[in-house]
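Undergrad: next comes the sequence, and after it the predicted model I'd like to discuss.
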Amino acid sequence: MDWRRELITKWLWHAYNGFVESENEKNTEPSGADIDVSQLKLLTAHIGTSLGTANNSPSSINADLEKHFKEKQGHVSFQDYLEFLHVHTFIEPDLVDLQKLEESCWSLCQKTYGNRVNKVLDMVQTKRIWKLFNFLSEADESPCVMCREETQLLMEKLILGTGNRWDPATFDYHTKNIKSFAFLQIMACFETNYAKGMDRMCVSDSVDDLYDTVIEQCEKKGWMIKKGNNITKWKDRWFILKKDGMYYYTDKSATPKTQKGMIKLDKAWSSESLADQPNAKHKNVFTLARNPVDPKQKSHYELSTTDPRSRAEWIAAVNAVINSANQDSIHRTELQERRRKRQEAKDKEKAEQDSLQQQNIDMAAHQMMVKRLEEEKAEALRKLQLEEEERRRLEEEEQKFRKREEEERIRIQAEMERLKKEREEAEQHAQNEAAMRIQKEQEELERQLREQEERDKQQAELDELRRILEEEKLKNEEERERLEEALRNLERLLAAEIQAKKDEEEIRTRQARLLEEEAERRKELEKLKEEQEKQLAEEAERRKGLEQQSEQLATIQKEQAEQLRKEQEKLQKLSDERKAADAQLQEAKVKLEQAETARAEQEAEKLRREEEIKKKKEERKRELDKRVNIGLAKPLQVKVTKLTSHRGEGAFTEAEFDIIKEIKAKEKELSQKLSLSISEDEDLRNGSQANGENEVFKEELEPVIE
């Protein structure tokens, strides 16, 4: 995001927030962090003339507001309002009057920021801290906040500017668990925890110095004597060196009224010192000249300082500004670098979190896969068990069926044998019966023949008797009676014979009926035999089908066994993969723990080295103080606090200045090497090498400190 657009967005947010706070103070029921369309019209009317567009008349803006938020019921958020300004091109960053827009937005929010509890700073100082806040706050945050690192840096510079010692632990105590700070939180933290017990003038000077350095980009300021142009008279002037040039005033107020001129510096300017003349009134003179000479402006200046050191500092500062002309502010560059590092840290942390989350997802997926495989394994085992049970059940049924089939076969065979035996017996009986019947028939025929012969004989005798009777009819009566009696006997015997014939006929009828029943029984036996043969054929077909089914079942069992073997191999392979993945995960955890342990050890080692360096400095200082003696008198041990400016600690001699520079360079190199060592400790194989380099560097640093 361009820095102009960034500042415009922050100023607009403060103005918007001022309206919100003002509305919440008026209403008994606060509306939250949003305002309605009518208040947006009023806000846009205040800042409309500063936005830098031709389409910024109140009527045009109000009409666009009504049209844009026509369907928006209730209140409008800041993001919606900012989107409206960009959509309708009410903001042209290159055409915006930044100073006017900043003043307009400050006027809308100063009442809110002025009503503070335990207020120490006046509105001028509050506005300057507000500008510092806008410069250092995050670029893409809404609401506008400052991160903890920038807040700590701002507090440190303000406290050091008052001449007090900065203690990070105190800051952490007062602001624990706060990751980002709003403007009122920063003011409350500074005024309540730090500025409340300090001298108001020291606090004000600290705020002014920091504001001049960061916002006004003041590289150096101080009194110098300037040689006049037309009238060669030397006059005292208050000079302020900024990025765009050197301003000089009649006094330290540095207001537009007291400003006497401005030297616009670019690459064509140069600065160099002049040798002091023996009888010259003004010493320590240096020149500021432009080559080639510009006829439209003065191209040569002569300035005098109080001492050679001040002259060297001014020349170095002027040449630094000339060399960095058309470049961005060093404070903005440092801010962007800090933001970049924070973003890299966030990205790294996010990447680590994403990596850890991905590892967790992979682990969860792996666990789910293992669980699914275990479930599939259990399901496969369950299916195999069911198939095994089904196979056993089929085998049992087959055994039962075979047993029943065998029993049925035995029963049928026994029944067939019994029927065969009965048939043989019936056939034998029928043969016997036929033979007996034939014999009886022959006997009966013989008997009938005999009886017929006897009847014929008797009939012949009877005829003979009748003839005799007729012949002897007249014989005596006794003989007749005897003959009649004999005749009656013969008739009775004849009736008996007739009855016997009837009985014989009845017996023959019964025998014929028995023979018919025997024939029916033989037919039934033949039918039963046919049914038995049919059952035997069906049984044979059934046995053949069972044999085929048994062969199919055996084939299925072989396929299931092969499938079970493949599933077991697959499960074994997945189990091996899971074990390997678990081993890799465990190894990664061990490496992470070792890296964290190594990092903690490096931090502890760094703190210990810093303490040792500090102790050696103090011991060296005490030894130097003990060695300084004037005659036999013991000098007073006066504690002198080194002067500290916005550029760092002061140095009183060139040697001491060189020592301090060398120590700081070594400390910076140590910090870089420690950072490199910490990053290398994440790879556990290079940990020992990093520790060795740190020990070597410590040995190199000790003689420099001494």
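TA: Sure thing, it's come through.
Undergrad: helix, strand or coil for the residue nearest to Glu497 when sequence neighbours are not counted?
TA: The shortest distance from Glu497 to any non-neighbouring residue, by Cβ to Cβ, 6 or more residues apart in numbering, is to Glu451 (6.7 Å). All C-beta atoms are positioned from the backbone trio N, CA, C, and that covers glycine. Look at Glu451: counting by DSSP: H, G, I helix; E, B strand; the rest coil, its state is helix.
Undergrad: give the rounded mean pLDDT of the longest helix along the chain.
TA: Across the chain, the longest stretch assigned as helix under DSSP state H is helix 477-627. Taken as a whole, helix 477-627 has a mean pLDDT of 79.
Undergrad: tell me which strands and helices it is in contact with?
TA: Applying 3 or more Cβ pairs under 8 Å, 6 or more residues apart in numbering; DSSP states H and E, one finds that helix 477-627 contacts helix 330-471, helix 654-681, helix 687-705.
Undergrad: how far away is Ala188 from Glu395?
TA: Distance of Ala188 to Glu395, computed by Cβ to Cβ, to the nearest Å: 88 Å.
Undergrad: tell me which of the two has more neighbours.
TA: Ala188 (17 against 13; other Cβ atoms under 10 Å).
Undergrad: check the offset of the helix or strand hosting that one from the chain's centre.
TA: In the assignment (DSSP states H and E), Ala188 maps to helix 183-193. Between the centre of helix 183-193 and the centre of its chain there are 38 Å (Cα atoms, centre = their mean, to the nearest Å).
Undergrad: quick one: residues in contact with it.
TA: Taking contacts as Cβ atoms under 8 Å, 6 or more residues apart in numbering, the residues outside helix 183-193 that touch it are 14, 113, 116-121, 126, 129-130, 133, 144, 146, 151, 154-155, 158, 170, 174-175, 178, 181.
Undergrad: among the helices and strands packed on helix 477-627, which is nearest Glu517?
TA: helix 330-471 (11.0 Å; Cβ to Cβ).
Undergrad: show me what that closest one is packed against.
TA: Judged by 3+ Cβ pairs under 8 Å, 6+ apart, helix 330-471 is in contact with helix 123-136, helix 148-161, helix 477-627.
Undergrad: next, the angle from that helix to helix 148-161.
TA: 160 degrees (axes from the mean of the first three to the mean of the last three Cα atoms, to 10 degrees).
Undergrad: now helix 330-471 against helix 123-136, angle please.
TA: Interaxial angle, helix 330-471 versus helix 123-136 (the same axes, to 10 degrees): 50 degrees.
Undergrad: in the stretch 201-350 of the chain, where is pLDDT below threshold?
TA: In the predicted model, the stretch 201-350 of the chain carries pLDDT under 70 at residues 231, 325-329.
Undergrad: same list, the helices and strands packed on helix 477-627, but as TSV with distance to Phe239 please.
TA: As requested, the helices and strands packed on helix 477-627 are exported to TSV (distance: least, Cβ to Cβ, whole Å):
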stretch	distance to Phe239
helix 330-471	20
helix 654-681	24
helix 687-705	37
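Undergrad: weakest of those in terms of mean pLDDT?
TA: helix 687-705 (a mean of 47).
Undergrad: that's a strand at Thr287, yeah?
TA: Yes: counting by three-state DSSP, Thr287 is found in a strand.
Undergrad: next, count neighbours for it.
TA: Neighbours of Thr287 using other Cβ under 10 Å come to 15.
Undergrad: OK, contacts around it?
TA: By Cβ under 8 Å, 6+ apart, the neighbours of Thr287 are 271-274, 300-303.
Undergrad: kindly state the beta-bridge partners for it.
TA: Beta bridges link Thr287 to Glu272, Glu302, judged by DSSP bridges.
Undergrad: for stretch 393-407, what is the distance to the chain centroid?
TA: For stretch 393-407, the distance to the chain centre is 60 Å (Cα atoms, centre = their mean).
Undergrad: can I get the contacts of Thr287 in JSON lines with distance to Thr287?
TA: Formatted as JSON lines, these follow (distance: Cβ to Cβ, whole Å):
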{"residue": "Ser271", "distance to Thr287": "7"}
{"residue": "Glu272", "distance to Thr287": "6"}
{"residue": "Ser273", "distance to Thr287": "8"}
{"residue": "Leu274", "distance to Thr287": "6"}
{"residue": "His300", "distance to Thr287": "7"}
{"residue": "Tyr301", "distance to Thr287": "7"}
{"residue": "Glu302", "distance to Thr287": "6"}
{"residue": "Leu303", "distance to Thr287": "8"}
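Undergrad: thinking again about what came up before, and the angle for the longest helix of the chain with helix 330-471?
TA: Taking the same axes, to 10 degrees, helix 477-627 and helix 330-471 form an angle of 170 degrees between their directions.
Undergrad: ok, Asp251 - contacts?
TA: 238, 258.
Undergrad: distance of Gln110 relative to Glu441?
TA: From Gln110 across to Glu441, the span is 155 Å (Cβ to Cβ).
Undergrad: and the helices in the stretch 201-350 of the chain?
TA: 308-323, 330-471 (DSSP state H, counting those that start in this stretch).
Undergrad: and the shortest one, what's buried?
TA: By neighbour count with 16 or more other Cβ atoms under 10 Å, helix 308-323 contains the buried residues 310-311, 314-315, 317-318, 321-322.
Undergrad: point out the other elements, helices or strands, that it touches.
TA: strand 218-227, strand 234-242, strand 245-249, strand 269-273, strand 285-290.
Undergrad: which secondary structure elements does the first one contact?
TA: Spelled out, that is strand 218-227. For strand 218-227, the elements it packs on are strand 234-242, strand 300-304, helix 308-323, judged by 3+ Cβ pairs under 8 Å, 6+ apart.
Undergrad: any weak-confidence spans in the stretch 1-150 of the chain?
TA: 1, 25-34, 48-62, 70-74, 88-90, 93.
Undergrad: residue boundaries of the strands in it?
TA: Secondary structure of the stretch 1-150 of the chain (DSSP state E, counting those that start in this stretch): strands at 146-147.
Undergrad: can you give me the helices in it?
TA: So, for the stretch 1-150 of the chain - with DSSP H, counting those that start in this stretch - the helices run 3-26, 37-47, 58-68, 78-87, 98-114, 123-136, 148-161.
Undergrad: let me have these in CSV, extended by mean neighbour count.
TA: What follows is the helices of the stretch 1-150 of the chain, written out as CSV (neighbours: other Cβ atoms under 10 Å):
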stretch, mean neighbour count
helix 3-26, 19
helix 37-47, 18
helix 58-68, 15
helix 78-87, 15
helix 98-114, 18
helix 123-136, 19
helix 148-161, 19
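Undergrad: make a markdown table from those and add distance to Leu514 to it.
TA: As requested, these are arranged in a markdown table below (distance: least, Cβ to Cβ, whole Å):
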| stretch | distance to Leu514 |
| --- | --- |
| helix 3-26 | 129 |
| helix 37-47 | 126 |
| helix 58-68 | 124 |
| helix 78-87 | 121 |
| helix 98-114 | 136 |
| helix 123-136 | 135 |
| helix 148-161 | 128 |
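Undergrad: out of the ones you listed, which is closest to Thr333?
TA: Using Cβ to Cβ, the nearest of the helices of the stretch 1-150 of the chain to Thr333 is helix 3-26, at 11.0 Å.
Undergrad: helices or strands up against that closest one?
TA: Under the contact definition 3+ Cβ pairs under 8 Å, 6+ apart, helix 3-26 sits against helix 37-47, helix 78-87, helix 98-114, helix 123-136.
Undergrad: try it again with 10 Å
TA: Using 3 or more Cβ pairs under 10 Å, 6 or more residues apart in numbering; DSSP states H and E as the contact test, the elements touching helix 3-26 are helix 37-47, helix 78-87, helix 98-114, helix 123-136, helix 183-193, helix 330-471.
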